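>>> got a sequence here, can you model it:
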Amino acid sequence: MWEIAKTIAVALLIALVLRVLLFQPFTIPSASMEPNLYQGDYIVVSKWSYGYSKHSIIGSPSIFDGRILEQTPKRGDIVVFKLPSDNRTDYIKRLIGLPGDRVQMIDNVLHINGQAVRDVVVSPPDLTDAFDRPITQLDETFPDGSKTYRIQDFGPGNLLDDTPVFIVPQGQYFMMGDNRDNSIDSRVDPAQSGVGLVPAENLIGKAEIILFSWNEGASLRNPVSWFTKVRLSRWFKVLH
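The predicted structure is shown next:
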């Protein structure tokens, strides 16, 4: 019994070290990152990408402040972070604004430092969401050409299509969901249940890959659903 207990303890210790230092799994709970991440995707986050903070540890214990081995994230990274307003809830968004940037939505077009982000329509608005709103998918490219990624939009005239200028302070980041009209993100003030600006300390890691994916209705308690609800086309999909 003692040998078994030691083996289990060592295995748990190794698992804990891997989870704290290297990887952490997450489940996508909402549609805010469509069309790149769907509800039911199980992703892996690399925790070494940005260094380590108290949020790298289960329970976010206040054992130190700031980040250890800090590395600066890149604009366009898909980032998992702790919601600044409670430091408990896990969120996932795309990093749009770096410290010193000016970010603004003008007539449904993202602007960074006064330059419009180029959008190219890749699908006509022939799909609809659950509320029968037309959905258009576009490829969005940063003004400096550093990254192109796909977004989803309901068209002009929506609540967050026009915003004031957000100036990103040092040590903070501006996040947005890829599903632009169905995302509560840094465009929304925390006082209105939004995300607001995200401190560097709150970053957990970079989303790297979709391991597995199931449609709504899959359940661990129902083994049949593992096969009937599976989305094999999304398994092992690298995220960009």
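
>>> what ranges does the chain have for its helices?
For the chain, the helices defined by DSSP state H occupy 2-21, 223-228.

>>> lowest average confidence across those, which one?
Confidence, taken as mean pLDDT, is least for helix 2-21 of these (a mean of 62).

>>> now stretch 100-109: buried residues?
103-105, 108 (16 or more other CB atoms under 10 Å). For every residue, glycine as well, the C-beta is placed using N, CA and C.

>>> same question for stretch 107-120.
108, 110-112, 117, 119.

>>> now, the most widely separated pair of those?
Farthest pair in the buried residues of stretch 107-120 (CB to CB) is 108 and 112. Separation: 14.9 Å.

>>> next up, the contacts around the residue nearest to residue 105 when sequence neighbours are not counted.
Leaving aside its sequence neighbours, residue 105 sits nearest to residue 163 (CB to CB, 6 or more residues apart in numbering; 4.5 Å). Neighbouring residues of residue 163 by CB atoms under 8 Å, 6 or more residues apart in numbering: 104-105, 187.

>>> okay, which residue is most central for the protein?
residue 92 (2.3 Å; CA atoms, centre = their mean).

>>> bridging residues for it?
With DSSP bridges as the criterion, residue 92 is bridged to residue 80.

>>> show the pLDDT at residue 75.
At residue 75, pLDDT is 96.

>>> OK, contacts around residue 97?
With CB under 8 Å, 6+ apart, residue 97 has these contacts: 75, 103, 112, 166, 168, 173-174, 186.

>>> so what pairs up with it in the strands?
Counting by DSSP bridges, the residues bridging with residue 97 are residue 174.

>>> distance check, it against residue 75.
8 Å (CB to CB, to the nearest Å).

>>> again, but for residue 190
From residue 190 to residue 75 the distance is 22 Å (CB to CB).

>>> higher neighbour count, these two?
residue 75 (17 against 14; other CB atoms under 10 Å).

>>> so what pLDDT did residue 127 get?
Value for residue 127, per-residue pLDDT: 66.

>>> check residue 62 too.
Value for residue 62, per-residue pLDDT: 84.

>>> contacting residues for the residue lying closest to it once chain neighbours are set aside?
Nearest non-adjacent residue to residue 62, counting by CB to CB, 6+ apart: residue 54, 6.0 Å away. Shown in contact with residue 54 (CB under 8 Å, 6+ apart): 60-65, 201.

>>> with distance to residue 144 and neighbour count as added columns, please give the residues you listed in a markdown table.
A markdown table is the format used below for the contacts of residue 54 (distance: CB to CB, whole Å; neighbours: other CB atoms under 10 Å):
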| residue | distance to residue 144 | neighbour count |
| --- | --- | --- |
| 60 | 34 | 16 |
| 61 | 39 | 9 |
| 62 | 38 | 8 |
| 63 | 38 | 7 |
| 64 | 35 | 12 |
| 65 | 32 | 8 |
| 201 | 27 | 20 |
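
>>> ok, of those residues, which one's closest to residue 178?
Of the contacts of residue 54, the one sitting nearest to residue 178 (CB to CB) turns out to be residue 201, at 24.3 Å.

>>> so that closest one touches residue 55, yeah?
Yes - using CB atoms under 8 Å, residue 201 is in contact with residue 55, at 7.0 Å.

>>> which of the buried residues of stretch 100-109 fall within strands?
Under the assignment DSSP state E, these contribute 103-105 to strands.

>>> now stretch 163-176: how far from the chain's centre is it?
Distance, stretch centre to chain centre, for stretch 163-176: 16 Å (CA atoms, centre = their mean, to the nearest Å).

>>> quick one: mean pLDDT for that stretch?
Stretch 163-176 comes out at a mean pLDDT of 97.

>>> for it, buried residues please.
163, 166, 168, 172-176.

>>> quick one: terminal-to-terminal distance for it?
Taking CA to CA, to the nearest Å, stretch 163-176 runs 13 Å from one end to the other.
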